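A.B. asks: here is a sequence together with a model predicted from it:
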Amino acid sequence: MALSKEVIDKDVEIGDRVRDKMTGFEGIAYGRWTCMTGCVSFDVHPRVGGDGKIPSSEWVDEARLEVIEAGGVSLKVKEREPAGPCSLKPPSDGPR
């Protein structure tokens, strides 16, 4: 499948195929991190290499990313009940 290298003028969203303007590193925007200072970075996961190995992902500042395919990947997320306090009780004979 040939991928377009044309840049799309839009904000980066999780699931977009992106490229780092400085290094050319490409992959899917998998996670987003917002710091207290307002700096936003994305965890970018590249494709599996020709050797079948999974390369490491890289955290890249949002300002360095350009979208090359909007919604490159979408996953169906299973709905779950909201998490809360653990209902398990420690053993009656105390910690082990």
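C.D. replies: Looks like it arrived, so ask away.
A.B. asks: pLDDT weak spots in this protein?
C.D. replies: Applying pLDDT under 70 to the chain flags the ranges 1-6, 83-84, 86-91, 93-96.
A.B. asks: counting residues per strand, which one in it is longest?
C.D. replies: strand 26-34 (DSSP state E).
A.B. asks: tell me the helix or strand right after that strand.
C.D. replies: Scanning the chain past strand 26-34 towards its C-terminal end, the next helix or strand to appear is strand 40-45 (assignment: DSSP states H and E).
A.B. asks: that next one: how far from the chain's middle?
C.D. replies: Once both centres are worked out by C-alpha atoms, centre = their mean, to the nearest Å, strand 40-45 turns out to sit 6 Å from its chain's centre.
A.B. asks: and what of stretch 42-60?
C.D. replies: When C-alpha coordinates are averaged (C-alpha atoms, centre = their mean), stretch 42-60 and its chain have centres 11 Å apart.
A.B. asks: could you dump it to PDB, C-alpha only?
C.D. replies: Listed next in PDB are the C-alpha coordinates belonging to stretch 42-60 (Å, rounded to 0.1, in the frame of the first residue of the first chain):
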ATOM      1  CA  PHE A  42       2.600  12.500  21.000                       C
ATOM      2  CA  ASP A  43       3.900   8.900  21.300                       C
ATOM      3  CA  VAL A  44       4.500   7.900  17.700                       C
ATOM      4  CA  HIS A  45       4.700   4.200  16.800                       C
ATOM      5  CA  PRO A  46       6.400   3.300  13.500                       C
ATOM      6  CA  ARG A  47       5.600   0.400  11.300                       C
ATOM      7  CA  VAL A  48       7.100  -3.000  11.900                       C
ATOM      8  CA  GLY A  49      10.500  -3.300  10.200                       C
ATOM      9  CA  GLY A  50      11.400  -5.500   7.300                       C
ATOM     10  CA  ASP A  51      13.000  -7.900   9.700                       C
ATOM     11  CA  GLY A  52       9.600  -8.400  11.500                       C
ATOM     12  CA  LYS A  53      10.800  -6.600  14.600                       C
ATOM     13  CA  ILE A  54       8.700  -3.900  16.300                       C
ATOM     14  CA  PRO A  55      10.800  -0.700  16.500                       C
ATOM     15  CA  SER A  56      10.600   1.600  19.500                       C
ATOM     16  CA  SER A  57       8.100   4.400  19.600                       C
ATOM     17  CA  GLU A  58       9.300   8.000  20.100                       C
ATOM     18  CA  TRP A  59       7.700  10.900  22.000                       C
ATOM     19  CA  VAL A  60       7.700  13.900  19.700                       C
END
